[in-house]
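Novice: with the sequence up front, the predicted model follows.
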Amino acid sequence: RIVLPSATHRDCLATPNAGGSVEVEKATTARARGLFEHEMAVEKHRLHPGEQGIAAIQMAPARLNHPHLWIGKEIDRLAQQMRRRNKIGIENTDEFTARGSQPSFQRPGFEADRFALMAMDLGSGKTHEIDPQWDRSADGITLSDDGKTIYTTAQNLGEHPLFAVDIASGGVTEVVGDGTISAFDIAGPTLAFARNSMKSGDQLFTGGIGGAPGIPPKFRAITRSASEMLPDVKFGEYQQFTFKGWHGDTVHGYVVKPWNYQEGKTYPVAFLIHGGPQGSFGDGWSYRWNPQTYAGQGYAVVMVDFHGSTGYGQAFTDAISQHWGDRPLVDLQKGWDAALKQNSFLNGDKACALGASYGGYMTYWIAGNWQQPWKCLVAHDGVFDNRTMGYATEELWFSEWENGGTPYDNPKGYEQFNPIAHVKDWSVPMLVIHSEKDYRIPVDQGIAAFTALQRKGIESKFLYFPDENHWVLKPQNSVLWHDTVNAWLKAHIGR
């Protein structure tokens with residue numbers, strides 16, 4: 001038995017049972033109390049061959065909203081290792097072999113750092129990276145029954161496939177792709193997974209895994225797709241495109257056709273800008289910012305994964321930090337030009353740019369730095385004044401990382417790409433959306449932007465949600481959001 005405190009601050013005993021799971025009991029020992037400097041939660045842990053008396057521990061540090069997770073046979077030695085490694089990075093998983101393995105990154109305070117797959121010798125405490133040549137960020141660890149293979153999902157070139165990583169060699173193989181693998185489970189030779197795309201929410205599949213070399217596994221759907229459930233609803237077809245962006249790098253994007261697409265006709269365009277900024281508008285389904293809601297209104301959609309996006313290598317992701325307004329803007333401009341050249345059905349004279357969070361910031365930035373070709377703009381929960389954002393956000397660590405320090409230590413970092421400094425050049429009609437309970441980008445950012453628009457006499461609207469946070473989550477509020485946005489687009493670019 002291993003003594004450790006629980007997430008509810010009660011002392012607990014964790015005991016691996018014969019079936020391999022961890023049972024947690026209430027305890028009162030003073031030794032468990034204060035064992036670590038962080039709050040902890042007991043996570044389930046499946047034992048693998050060669051393990052004895054091992055429990056998993058998750059730690060949540062005060063400055064970061066990512067978990068720490070380690071495993072060990074001796075709790076005191078484990079505590080010392082945790083404290084030492086907590087100075088350099090984060091560990092996060094609930095699966096371990098007898099040797100020990102976990103994903104880890106090295107730059108505290110940077111939420112978009114690459115999660116590498118690490119292995120630890122529990123006897124010596126030495127670690128090494130399993131997959132140093134694989135420039136992707138692993139989502140977690142699921143081990144094969146023999147403990148030789150790690151299964152993990154990761155973003156990759158606008159998709160979110162499932163990969164198999166050979167622990168001995170570090171070799172990586174894509175198991176399932178073609179969209180977004182949102183969940184999976186493995187039982188012996190059988191794989192079950194949920195996959196979604198821009199044309200359907202999650203659909204469940206099952207099939208064999210680990211077949212003959214060179215022969216892809218076969219899977220069958222056990223639930224219906226969106227088109228099967230809604231046979232009378234037409235979805236927009238989509239395709240990925242590439243172009244040379246900032247610094248000559250290859251940049252990816254997607255173009256979605258309207259539901260009623262006909263060869264030879266042209267269609268107005270919704271140009272969607274993703275948030276994060278370390279995020280992606282890839283081949284996946286969402287109940288917020290779903291491109292099919294625009295395609296369903298008769299619009300074509302263009303989305304660009306600019307520098308800073310995830311799934312294209314860590315250097316590509318890192319490129320946006322302290323460069324919010326230049327490198328991504330170059331990609332968006334070149335991506336827009338490339339989309340028009342490659343897709344004759346896009347009507348470049350009828351286009352609206354829309355974005356949320358960082359995408360909202362970029363919408364404000366575009367308003368002052370790239371007015372053409374936009375007939376209208378939509379900014380949802382965006383950063384309007386980067387300096388006050390650095391004082392007001394609940395994610396101070398995020399703002400400090402992205403701008404190279406605090407607003408008082410590095411004021412130039414906050415001002416070099418600050419949308420508020422370019423209000424004099426605003427002219428495009430804009431819909432501003434913000435919510436009262438948004439503590440990430442507080443509501444005064446949206447109010448200030450709307451005030452600027454009104455004072456300049458620019459056509460504008462302000463949609464305010466008193467009961468939402470950084471995301472609009474309540475069903476009726478979501479309906480109002482979409483109705484308002486769709487009406488704004490219809491008024492300025494038609495259908």
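Specialist: Yep, it's here. Numbering: from 1, shown residues only.
Novice: tell me the spacing between the nearest residue to residue 389 once chain neighbours are set aside and residue 195.
Specialist: The shortest distance from residue 389 to any residue other than its chain neighbours is 4.9 Å, reached at residue 383 (C-beta to C-beta, 6 or more residues apart in numbering). In this view, the C-beta of every residue, glycine as well, is placed from N, C-alpha and C. Here the distance between residue 383 and residue 195 works out to 34 Å (C-beta to C-beta, to the nearest Å).
Novice: more neighbours: those two, which one.
Specialist: When residue 383 and residue 195 are compared on other C-beta atoms under 10 Å, the one with more neighbours turns out to be residue 383, at 31 against 27.
Novice: right, and the more buried one touches residue 359 too?
Specialist: No. Because the distance of 10.3 Å does not satisfy C-beta atoms under 8 Å, residue 383 is recorded as not touching residue 359.
Novice: pLDDT weak spots in this protein?
Specialist: For the chain, applying pLDDT under 70 flags the ranges 1-106, 108-109, 210-215.
Novice: could you check how far the residue nearest in space to the middle of it is from residue 185?
Specialist: Of all residues in the chain, the one closest to the mean position by C-alpha atoms, centre = their mean is residue 279, 4.6 Å from it. For residue 279, the distance to residue 185 under the criterion C-beta to C-beta works out to 26 Å.
Novice: which residues touch residue 254?
Specialist: When contacts are counted by C-beta atoms under 8 Å, 6 or more residues apart in numbering, residue 254 touches 158, 198, 238-241, 281-283, 291, 301-303.
Novice: residue 176 too?
Specialist: Per C-beta under 8 Å, 6+ apart, neighbours of residue 176: 161-162, 184, 191, 193, 195, 205, 217, 219.
Novice: filter those residues to the buried ones?
Specialist: Among the contacts of residue 176, the ones that count as buried by 16 or more other C-beta atoms under 10 Å are 161-162, 184, 191, 193, 195, 205, 219.
Novice: output the residues you listed as CSV; include the columns secondary structure and distance to residue 405.
Specialist: Putting those into CSV (DSSP: H, G, I helix; E, B strand; the rest coil; distance: C-beta to C-beta, whole Å) gives the following:
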residue, secondary structure, distance to residue 405
161, coil, 37
162, strand, 39
184, strand, 41
191, strand, 46
193, strand, 43
195, strand, 42
205, strand, 47
219, strand, 49
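Novice: got those residues as a markdown table, with distance to residue 400 columns?
Specialist: What follows is the buried ones among the contacts of residue 176, written out as a markdown table (distance: C-beta to C-beta, whole Å):
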| residue | distance to residue 400 |
| --- | --- |
| 161 | 33 |
| 162 | 35 |
| 184 | 36 |
| 191 | 42 |
| 193 | 38 |
| 195 | 37 |
| 205 | 43 |
| 219 | 45 |
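Novice: OK, contacts around residue 434?
Specialist: Here residue 434 is in contact with 380-381, 441, 443, 445-447, 462-465 (C-beta under 8 Å, 6+ apart).
Novice: out of those residues, who's nearest residue 486?
Specialist: Using C-beta to C-beta, residue 463 comes nearest to residue 486 of these, at 12.2 Å.
Novice: shouldn't that closest one be within a helix?
Specialist: No. Checked against DSSP: H, G, I helix; E, B strand; the rest coil, residue 463 lies outside a helix; its state is strand.
Novice: can you count the residues close to it?
Specialist: One way to gauge burial is a neighbour count; for residue 463, by other C-beta under 10 Å, it gives 20.
Novice: kindly state the beta-bridge partners for it.
Specialist: Following DSSP bridges, residue 463 is listed with bridge partners residue 433.
Novice: ok so, going back, got TSV for the contacts of residue 176, with distance to residue 127 too?
Specialist: As requested, those are exported to TSV (distance: C-beta to C-beta, whole Å):
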residue	distance to residue 127
161	26
162	25
184	26
191	29
193	30
195	33
205	35
217	32
219	35
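Novice: which strands and helices sit next to the top helix by length along the chain?
Specialist: Of all the segments of type helix in the chain, defined by DSSP state H, the longest one is helix 475-493. Contact analysis of helix 475-493 by 3 or more C-beta pairs under 8 Å, 6 or more residues apart in numbering; DSSP states H and E lists strand 267-273, helix 291-295, strand 346-356, strand 376-380, strand 430-435, strand 460-465 as its packing neighbours.
Novice: now distance to residue 495 too, for these, in JSON lines please.
Specialist: As requested, the helices and strands packed on helix 475-493 are arranged in JSON lines below (distance: least, C-beta to C-beta, whole Å):
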{"stretch": "strand 267-273", "distance to residue 495": "7"}
{"stretch": "helix 291-295", "distance to residue 495": "10"}
{"stretch": "strand 346-356", "distance to residue 495": "10"}
{"stretch": "strand 376-380", "distance to residue 495": "13"}
{"stretch": "strand 430-435", "distance to residue 495": "17"}
{"stretch": "strand 460-465", "distance to residue 495": "19"}
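Novice: between those, which one is closest to residue 177.
Specialist: helix 291-295 (19.5 Å).
Novice: by how many degrees do the next helix or strand after the closest one and strand 267-273 diverge?
Specialist: Elements were assigned by DSSP states H and E; along the chain past helix 291-295, the next helix or strand is strand 300-305. Orientation check (axes from the mean of the first three to the mean of the last three C-alpha atoms, to 10 degrees): strand 300-305 against strand 267-273 gives 20 degrees.
Novice: can you list the residues that contact strand 300-305?
Specialist: Residues from elsewhere that reach strand 300-305 (C-beta under 8 Å, 6+ apart): 158, 236, 238, 251-258, 267-274, 280-282, 291, 294-295, 311-312, 331-332, 335-336, 339, 343, 345-347.
Novice: swap in stretch 226-234?
Specialist: Residues outside stretch 226-234 that contact it (C-beta under 8 Å, 6+ apart): 199-201, 235, 259-260, 296.
Novice: of these, just say which sits nearest to residue 367.
Specialist: Using C-beta to C-beta, residue 296 comes nearest to residue 367 of these, at 26.9 Å.
Novice: the closest one: what's it in contact with?
Specialist: Listed by C-beta under 8 Å, 6+ apart, the contact partners of residue 296 are 233, 235-236, 259.
Novice: all helices for this structure, in order.
Specialist: Going by DSSP H, the chain shows helices at 75-85, 226-229, 291-295, 314-318, 327-342, 358-369, 386-392, 396-403, 411-415, 444-455, 475-493.
Novice: that older thread, which two in the contacts of residue 296 are spaced the farthest apart?
Specialist: Comparing every pair within the contacts of residue 296 by C-beta to C-beta identifies 233 and 236 as the most remote, at 11.0 Å.
Novice: thank you, goodbye.
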